[in-house]
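Undergrad: Please find the sequence and the predicted model below.
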Amino acid sequence: MSRSEKISFTGSTGDALAGIVDVPEGPVRGWGLYSHGLTLGKDSPAASRICKGLAEQGVGMLRFDNLGLGGSAGEWSAGSFSVKVADTILAAEFMREQGRDISLLVGHSFGGAAVLAAARDIPGLNAVVTIGAPYEPKHVEHMFDSEIDAILRDGSAVVDLGGRPMEVRRHFVEDVERADLRDCIRTLHKPLMVMHSPTDNTVGIDNASEIFRTARHPRSFISLEGSEHLLTGKGQAARVARIISAWADPYLEIRDAG
């Protein structure tokens, strides 16, 4: 069992970001931080089910809404990959101030790229997990590739992202095109587990291959056979949580403020 605590902290843009800490009811094995996909939010099925599943197995997890999503203030269009990374680091700092040092980073999709970039700046971090993550942040451009020229020319455009009209600004495109995770992955110096479905039609399995190939040991690869990208199918997210819990066990540290 677990309980949920609503929290908020100030993000890198100065806006208040809303989060939930899923707290184990029993002994705490360690604390982790979850980064959601591009527009998914902390309450998306994958985020909620994975974090609750880990908390039920003794791993407390913070999940939070990125800028302008869910309960967080600000405009989503003012964000970027760099903002997402910076806010992930600040989320870990918030937990550390609560006496809940982050041992584990978990990132799904675009959030997987973000945790790879943020890991080097989180003190005490012991392990990283990516789920359906792109090797290059600019992979996200495939979701609005027909609008990129208009965005660069006009400064912004409203595009369809997962069935939602969202404004994408020039700085977002320029930022993801500059982002390069190769050095972050190569110099991670932490255990990494790459989880990916071989039938992922949103972020292809070749991305997992590139991440795994670039990483140094200790590294692990888990094929999420039968899962789709958003992990909304019955039991898919719960299965991911169980695998992460078992794999991360040697890397978790109990540092609870009580």
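TA: Arrived safely, thanks for sending. Numbers count the residues shown, from 1 in each chain.

Undergrad: burial measure for Asp121, as a count.
TA: For Asp121, the neighbour count with other C-beta atoms under 10 Å is 14. For the C-beta atoms, the positions are set from N, CA and C on the backbone; glycine is no exception.

Undergrad: Sorry, wrong one. I was asking about Asp160.
TA: 11.

Undergrad: next one: Leu116
TA: 29.

Undergrad: helices or strands up against the strand or helix carrying it?
TA: Using DSSP states H and E, Leu116 sits in helix 110-118. Other helices and strands packing on helix 110-118, by 3 or more C-beta pairs under 8 Å, 6 or more residues apart in numbering; DSSP states H and E, are strand 30-35, helix 81-97, strand 102-108, strand 127-131, helix 182-186.

Undergrad: what's the angle between the longest one and helix 110-118?
TA: Counting by axes from the mean of the first three to the mean of the last three C-alpha atoms, to 10 degrees, helix 81-97 points 70 degrees away from the direction of helix 110-118.

Undergrad: Could you check how far Val158 is from Arg164?
TA: Separation of Val158 from Arg164 (C-beta to C-beta, to the nearest Å) stands at 10 Å.

Undergrad: How about Leu105: what's its closest non-neighbour residue?
TA: Val115 (4.2 Å; C-beta to C-beta, 6 or more residues apart in numbering).

Undergrad: what's the distance between the one you found and Arg100?
TA: Counting by C-beta to C-beta - Val115 and Arg100 are separated by 17 Å.

Undergrad: Which stretches in this structure count as strands?
TA: Applying DSSP state E to the chain gives strands spanning 2-10, 16-24, 30-35, 59-64, 102-108, 127-131, 156-161, 164-169, 192-196, 219-223.

Undergrad: May I see the ones you listed arranged in JSON lines, with mean pLDDT as well?
TA: As requested, those are exported to JSON lines (pLDDT from 0 to 100):
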{"stretch": "strand 2-10", "mean pLDDT": "95"}
{"stretch": "strand 16-24", "mean pLDDT": "98"}
{"stretch": "strand 30-35", "mean pLDDT": "98"}
{"stretch": "strand 59-64", "mean pLDDT": "98"}
{"stretch": "strand 102-108", "mean pLDDT": "98"}
{"stretch": "strand 127-131", "mean pLDDT": "98"}
{"stretch": "strand 156-161", "mean pLDDT": "95"}
{"stretch": "strand 164-169", "mean pLDDT": "96"}
{"stretch": "strand 192-196", "mean pLDDT": "98"}
{"stretch": "strand 219-223", "mean pLDDT": "98"}
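
Undergrad: Please name whichever of the ones you listed is nearest to Val85.
TA: strand 30-35 (8.9 Å; C-beta to C-beta).

Undergrad: Tell me which of the helices and strands packed on helix 110-118 sits nearest to Val240.
TA: Nearest of these (C-beta to C-beta): strand 127-131, 6.3 Å.

Undergrad: who does that closest one pair up with?
TA: strand 102-108 (parallel), strand 192-196 (parallel) (DSSP bridges).

Undergrad: So Gly53 sits against Gln236, correct?
TA: No - using C-beta atoms under 8 Å, Gly53 is not in contact with Gln236, being 10.9 Å away.

Undergrad: Work out the gap between the helix holding Leu116 and the centre of the chain.
TA: Here the centre of mass of C-alpha atoms in helix 110-118, compared against the chain's by C-alpha atoms, centre = their mean, to the nearest Å, lies 6 Å away.

Undergrad: With that, I have no additional questions.
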